[in-house]
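Asker: Show me the folded form of this:
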Amino acid sequence: FCVFQMDTTQESYLDLFPLDAIVYLTPDSENGKYTFCRHRGTRAKVYVLGGLVDESIHKKMTLQRAQEQSLQTARLPIREYMVKNTNTKNYHSETLAINQVFDVLSTYYETRSWPAALKAGVSSGKGYVLPD
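Answerer: Reported below is the predicted structural model:
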């Protein structure tokens, strides 16, 4: 089953939750088939949404941070459900703003559909579209 609860605090997630419960969401994770809802008998997970802005200068910084903290990582399944769209700048990015990630996750929570969720949160400007 799947329950999303959002909270903000000044405290570090490392001080609030056990390491094995934390999943750091990063576009650089190899784990794109991660299950974002808990299965019966499994412990609830806490998802950390990073807040870095400059994807070109700080490439893989969120992945490195998660690895340094011995955290599980996952990414949204953009590669699994979307295709690169031809565009004049040949620009394709799986890095999303926090509000876009939140839109994807909240839509997934409502619909249990990755295509619907990705359509809601991944703008065409990122260079990815759902296949026909």
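Asker: list the contacts for residue 127?
Answerer: By C-beta atoms under 8 Å, 6 or more residues apart in numbering, residue 127 lies in contact with 84, 85, 87, 91, 92, 93. Glycine gets a C-beta too; all of them are placed from N, C-alpha and C.
Asker: In space, what's closest to the fourth one - neighbours in sequence excluded?
Answerer: With C-beta to C-beta, 6 or more residues apart in numbering as the measure, residue 127 is the residue that lies nearest to residue 91, at 4.9 Å, once sequence neighbours are left out.
Asker: With respect to residue 27, which of the contacts of residue 127 is nearest?
Answerer: residue 93 (8.0 Å; C-beta to C-beta).
Asker: Kindly format the C-alpha coordinates of stretch 69-77 as CSV.
Answerer: In CSV, the C-alpha atoms belonging to stretch 69-77 read as follows (Å, rounded to 0.1, in the frame of the first residue of the first chain):
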residue,chain,number,x,y,z
GLN,A,69,25.9,8.4,3.6
SER,A,70,25.4,4.7,2.7
LEU,A,71,21.8,5.4,1.5
GLN,A,72,19.7,3.5,-1.0
THR,A,73,19.1,5.5,-4.2
ALA,A,74,16.4,5.5,-6.8
ARG,A,75,15.3,7.6,-9.7
LEU,A,76,12.1,8.3,-11.5
PRO,A,77,11.6,5.7,-14.3
